[in-house]
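*Asks:* What follows is a predicted protein model with its sequence.
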Amino acid sequence: MEAALLLAGVLFMLGLISVLIRRNIIFMLISVEIMLNAAGLAFIVAGSKWVQPDGQVMFIFILTMAAAEVSVGLALILQIYHQLKTLDSDAANLMKG
Amino acid sequence: MDASEVNNVPLWPLLVYGAIVLSLVGVILGLSYVLGQRGKGRAMTEPYEGGIVSEGSARIRFSSQFYMVAMLFVIFDVETVFILSWAIAFRELGWYGYAGVAIFMVMLVVVLVYEWRMGALDFGPDGKKILAAYKRMQKPAF
Amino acid sequence: MILVWLIVILMAGGLLAWLSKKVSPELPRWVALGAILLDLILIVYLWISTEATTGSAWLIRYDIPWIPQWGVSFSLALDGLSLLMLLLTFFLGLLSVLISWKEIKTKVGFFHFNLLWVLAGIAGVFLTMDLFLFYFFWEVMLIPMYFLIGVWGHENRTYAAFKFFLFTQASGLLMLLAILGLYFIHGSEAGNYTFNYFELLNTPLTTDAARLLMFGFLAAFLVKLPVVPFHSWLPDAHSQAPTAGSVILAGLLLKTGAYGLLRFVVPLFPTAAVEFAPWAMLLGVIGILYGAIVAYSQTDLKRLVAYTSVSHMGFVILGVFAFNEWALQGVVMQMIAHGLSTGALFILAGFLYERLHTRDLAQMGGFWSKAPRMGVVALVFVMATLGLPGLGNFIAEFLTLVGSWQANNWLTVFATIGIVMATAYSLRIMQKVFYEPGPQQETFRDLNFREMLIAVPMVLGLLWLGLYPQPIIDMARPSITEQLQAYNMKEPTIAEPKTAVLQPEPEATINTNQLAINQRAFSNLQIIQSPN
Amino acid sequence: MSQTDFLYLMPLLILTFAVLISMLVIAAWRNHKIIYVITALSFIAAFGSLFELRTTTAYVIEPMFVIDGFGVFYIGMILLTSLLVSMLSYAYFEQREERKEEYYLLLVLATLGACVLVISTHFASLFLGLEILSISLYALIPYLRTRPRSDEAGIKYLILAAFSSAFMLFGMALVYFSTGTMVFSGLAQSIAGMQELPLLLLTGIGMILIGVGFKLGIVPFHMWTPDVYEGAPAPVTAFIATVSKGGVLGLLIRFFMEIDGFRYPVLVTILTIVAIASMFAGNLLALMQKNVKRILAYSSISHLGYILVAFMAGNQMGVEAITFYLVAYFITSVGAFGVVAMLSDKNSDAELLEDYKGLLWRRPWTAAVFSAMLLSLAGIPLTAGFVGKFYIIAAGINDQLWLLVVMLVLNSVIGLYYYIKIIAVMFQQPETEREPTIRLRPSIYVASAGTLAVLALLLVYVGVYPTGLVQLIQNVLVSVPEIVAK
Amino acid sequence: METAAPNYFLIIGGVLFVMLNVAAALIWVERRMLALWQDRYGPNRAGPFGLLIVAADSIKLFFKQDWVPPFADKPVFVLAPAIVVISVLLSFVVIPFAPGIIVADLNIGLLFFLAMSSMGAYSIILGGWSSNNKYSLLGAMRGAAQMISYEVFMGLALMGVVLMAGSFNLREIVEAQQGLWFFIPQILGFVIFFIAGIAETHRLPFDIPEAESELIAGFHSEYSGMKFGMFFIGEYMGITLISCMLVTLYFGGWLGPDFLPPIVWFIIKVVAFLMIFILLRASMPRPRYDQLMEYGWKILLPLTLVNLMVTAAVVLWLEG
């Protein structure tokens, strides 16, 4: 059980690190998705530890939320690409200060 | 949802099966690589685009309609997840659950109606509009 | 209720003045004038009608609950001290409107709105007996003042306004902390949470707590006063403000600090105040000397006057922490007299600025012959500043020094040196502006009727203070005795061996009221004795 | 779920149906005015339904929600704020080309999310509320597609918000893993006996707090705030500044009070540092800004820091202070951004300090309202902000949080500087008379102007006579045992 | 259920063997049948009835050059055809051919099937994208859009069956059809699933991603040799899979009168559906892409929702 949690933790860290180091917005989005799914995995692990369906229910919620977030995110990314012709997050960082 | 039931079904056949399938595919690809002839044709290094010489990059931009489909899919497929979880337990939930899902469905339908009206479900050009425009164009000629 | 009206009239008048700009550009001036005049009449009426009643220090009280959950009430009270301060407030307010009549040409409505609201805030500070409300008014007077400096000031107004605002606001917040600390200590000790001044007076405090809380209050008051290390906002604000603003700043705003010391610091924290007294007096003396020296070296007339304020306010703190009736009477007199004299000097500076469009002393000179009326008026003002007998400041400084001598001989000696230096800088003004030949001015207009209308009451006021200060002293006495009583009765044993002030030598009392203050040496000083 | 449950959830249901109806109406007939009216009516109706559920005792809908005085008050606050924001939006969006109607839809949805948030007692409902709110905001922030920085703001918010959601979720999962419950009270029970939190649980709670911190925009998770404030349309910024943060704060209070996190020195230390850092970072960074929206953004960071001071008090007075401060802050923020929205023209928002030069002489009333709002933010008497700050300081001193209180005071002074700076700019005489931009006919601005007037009056009313509000807050908190107990 | 533990190795081997061969055979069958219906011969040279054409074809594919275009994204290019074969083959795991003849009797069988069938979209989009060819990309985009769209209706249509059977387990679903095949109460669901199934396998008439006449074979334009063969065989296995699912879900699976063993019933039914698939190819014109999509979203989706709610209501009503 702890091993599975550890796996979730590792996934989460991977996502976290790549959000921080990636410069392409799409990859950042994907990394965030990985983090979310890691959280989902952790929920399922927790749910199975306590033999409750709650963990899986939460996972479904996470799934939904991630989906909604991705659809908005993709639309935004399209828009950004349309305007800036790049997906580099540094290039898209016009507001400073 | 009963945890004990899962354990009754042996899972190893699935794994064995999967392993066999994977190796089979690997073998097929490997074999064809080993067995296949080698050689270079005159136009083999160019993309085949119906016999016409390829022009420009293939990384062309697409209609945002495709992204719209992706979004629609995401919305409705995720709704399916909820319906799935209801479907498996709907006998226990009874009419109460039915009401819940009915509300959920109503929301879905409202979303669908909205998208329909917004033109999110119109793929490709609207033939009637084009026809109307064409007719307008033609009119002065008569 | 009349006390509420005093404030409400000003606030409503301010709004009305702002709105009336739409009707006519001159109307705001009349509205403001009317409002202040009304207040002045009210306060004079109060003065006259309450002279007979001399029982308690408190003449009128007004209490309604405001935020009962926090023990905040809308509590106003009038005693002699407040009455005097209000008199000064409305008198100077009236003059401010008059001097702005020609000086302020833009945004007249808004100007008078701010003017009246500053006055309302100041009046509130002088009236309120609820610490929450006190802080409230304390802050209320800042914003309009900020605008007065920032909008109608001179060339460097934004900076000056900022500085003024930040200094006073920051120190005010420290006071807020202290107020809250006191509130909670009182609440937890006595069980009822209240901001009421009279109830908080009896808060038992540990030495440390008292010390900390007192410093919170001191921060606000000393900055406002200002005392030397915290004075740097004052020259800027005073010199950059429009004349009316300078008058109100010097004449009234500084007095709120002094008033706060008298009203809150000493009665609320007698022990701590006594502990701090030598230091405070030292600060006062430093202020007196420093202000005087720096004033002497100024070339900007308004800055010069501003530094004289620093110097004069040194007497206030000196007196407050001397803890005896002479000193305190001196302080009250100083507050009023300085309000008039410095206000007068700023008005003078304003007159000069209107004519010359400069405040630079080097640009002035030889006006004695060109504008004799102005010269005479100026002479009176300057003489008042240097403390010429017969004018208000003399009485004030004399009383203060007499009082402080009992408390601390050496510091008094140095303070006296300050008076001598005052002579130097005061005469320098006269010398530079009126006698010494300066750059040629084509035309130099003497004071006109409106200006005389402003100047003459000031002269009269100063003369009156100098010649017949008895009404003031009578008026202030009950309050002063009350302050001292709080300090003397409650902690009879404190710091007995340390300070000279505290040696109880009950022999005679000035007043029929029961005081246990030190009086032996000067018990026959006639000016202090009430005639009746 | 029973019939009474539905009654108690009436505000949420009303909002939900409002969304559906508006969606259908948009589908049938696009009309800005109609959607606007529907939105306003639904907020009013939802608010009205609150009067049906003023209870003295908490009504629990197992296990997701609890409808108690605290929740009802926060819902009411959120609904009213949203109503005001929507009132301000009409003129703002009327002059823009984009499709305007969906904005209201998203606004109602976001409000719904915030309402769910403040009454949730379960991780699931918490998460749902938070995400409904966040996802609506993802779309609201870049709503004006043609504006140059809106996409950037949107994607920044999206990635960071999703990032923080991930933290929060992982934290919840860890807590669930350690305790086997996702209900706040269950969690509270299982940790009631612990003197020290086990590492896993502490990590979990810490990660939840990180998530909350992100949404609140407190240091060190404040990076998004200025950019989002700048890039989002002014009414949306008002919404983020108020409803979004208020909702999350309501949740934080409920959660932390329930589990009584103040017992654990680690958490207290961290929160203290965060509070101080937020105050300083917000105020110091705001000093250097030239953009009003950014200034307000940074100031919001510091205001959250102030609120944390009262939060650290961790008792009933602290909660009262926060609630009061929030009310004041809501009024003020909506007012300030309302002014920004009102002054904005078709092409850009009025956000540069330049835009405000001489405003007092051009549009005295607007400038007066704006000054009042800024003064309230600065905590000057006669305004609600003063009483709020007073309340917070009082709560802090009552709990002997001297360090925090002194920091707060110090920061108030720093804060003064830039608030006053804006006011000073408004007083300056503009060098050139600004060309009046082509504006809509005046009648469109009636709603905005009226709202601003109401806000200004409220501001002064609460500032001068706070008794009523204090009484109300104290009354509603009575029904929340977790808070009253302390 | 059978008490004896089934010989899983036999089942695994059998399923794999049969499926691969069925797919190969289907190619021949289709060509023969098409020829029949179109009044021509079809393959008739190699072996009896041209039966050996299958062997010939596969040998040819093996010996063809294993060409990866230099402009392609190589790993992805190779991966894409593998995915299609793997996903379809894996889907057979959950199909109960007869009592006891099932590789893994998962209780989430239906979900497993859905999951695997959505993998198919990857192969198309990856194949088309990695080919770096405009037509391929176009085909891939269309194909992906089509597949994920129909995925939705497919899943929703299946929910009707789940509602009636109360399980995701395919064996249990078959057993639930003892009295009445779901084909009758779920006629609407059946039709939708059938249509969606065709779209999922991008068979004619829904072969938009590879429409020869407009996209020159679409996403697999650049494929040749065995990699093309895998796409090819994947498609036929897909048809088989959909037929199996149709039989399992709506036509009672192995159920049937006792005079034939269950497995035979199953095979008969599947073969019937395979014939229908071929017949469709022979008889239907190809719709336009937009028509296909709009048909799906505007007609099928509302219908599935209606089907779902009506089914649920009726089931609840009948069961009190």
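*Replies:* Arrived safely.

*Asks:* tell me the pLDDT at the closest residue to chain C within chain B?
*Replies:* Closest contact between chain B and chain C, by Cβ to the nearest Cβ, is at residue B:103 (43.7 Å). Just so you know, the C-beta spots here come from the backbone N, C-alpha and C atoms, and that holds for glycine as well. Predicted confidence (pLDDT) for residue B:103: 87.

*Asks:* Then residue D:432?
*Replies:* In this model, residue D:432 carries a pLDDT of 62.

*Asks:* which secondary structure element contains the residue of chain B closest to chain C?
*Replies:* helix B:64-118 (DSSP states H and E).

*Asks:* any idea how far that helix is from the chain center?
*Replies:* 17 Å (Cα atoms, centre = their mean, to the nearest Å).

*Asks:* Quick one: list the elements packing against that helix.
*Replies:* Judged by 3 or more Cβ pairs under 8 Å, 6 or more residues apart in numbering or on different chains; DSSP states H and E, helix B:64-118 is in contact with helix A:54-84, helix D:10-28, helix E:134-165, helix E:301-318.

*Asks:* What angle do helix A:54-84 and it make with each other?
*Replies:* 110 degrees (axes from the mean of the first three to the mean of the last three Cα atoms, to 10 degrees).

*Asks:* What lies in contact with the helix or strand just after helix B:64-118?
*Replies:* Beyond helix B:64-118 on the C-terminal side, the first helix or strand identified by DSSP H and E is helix B:127-138. The contact list for helix B:127-138 (Cβ atoms under 8 Å, 6 or more residues apart in numbering or on different chains) is empty.

*Asks:* quick one: average confidence on helix B:127-138?
*Replies:* For helix B:127-138, mean pLDDT is 79.

*Asks:* close to chain E, is stretch A:14-27?
*Replies:* No. Using Cβ under 8 Å from any Cβ of the partner chain, stretch A:14-27 never reaches chain E; the gap is at least 14.4 Å.

*Asks:* and that stretch with chain D, contact?
*Replies:* Yes. Judged by Cβ under 8 Å from any Cβ, stretch A:14-27 and chain D are in contact via A:15, A:19, A:25.

*Asks:* can you pull the buried residues of that stretch?
*Replies:* A:15, A:16, A:18, A:19, A:25 (16 or more other Cβ atoms under 10 Å in any protein chain shown).

*Asks:* any idea of the mean pLDDT in that stretch?
*Replies:* What stretch A:14-27 shows for mean pLDDT is 89.

*Asks:* Now do whichever residue of the stretch 301-450 of chain C sits closest to chain A against residue C:83, distance only.
*Replies:* Minimum separation of the stretch 301-450 of chain C from chain A (Cβ to the nearest Cβ) falls at residue C:303, amounting to 37.6 Å. Residue C:303 sits at a distance of 33 Å from residue C:83 (criterion: Cβ to Cβ, to the nearest Å).

*Asks:* so which of the helices and strands packed on helix B:64-118 gets nearest residue C:434?
*Replies:* helix A:54-84 (71.5 Å; Cβ to Cβ).

*Asks:* Highest mean neighbour count across the helices and strands packed on helix B:64-118, which stretch is it?
*Replies:* helix E:134-165 (a mean of 26; mean count of other Cβ atoms under 10 Å in any protein chain shown).
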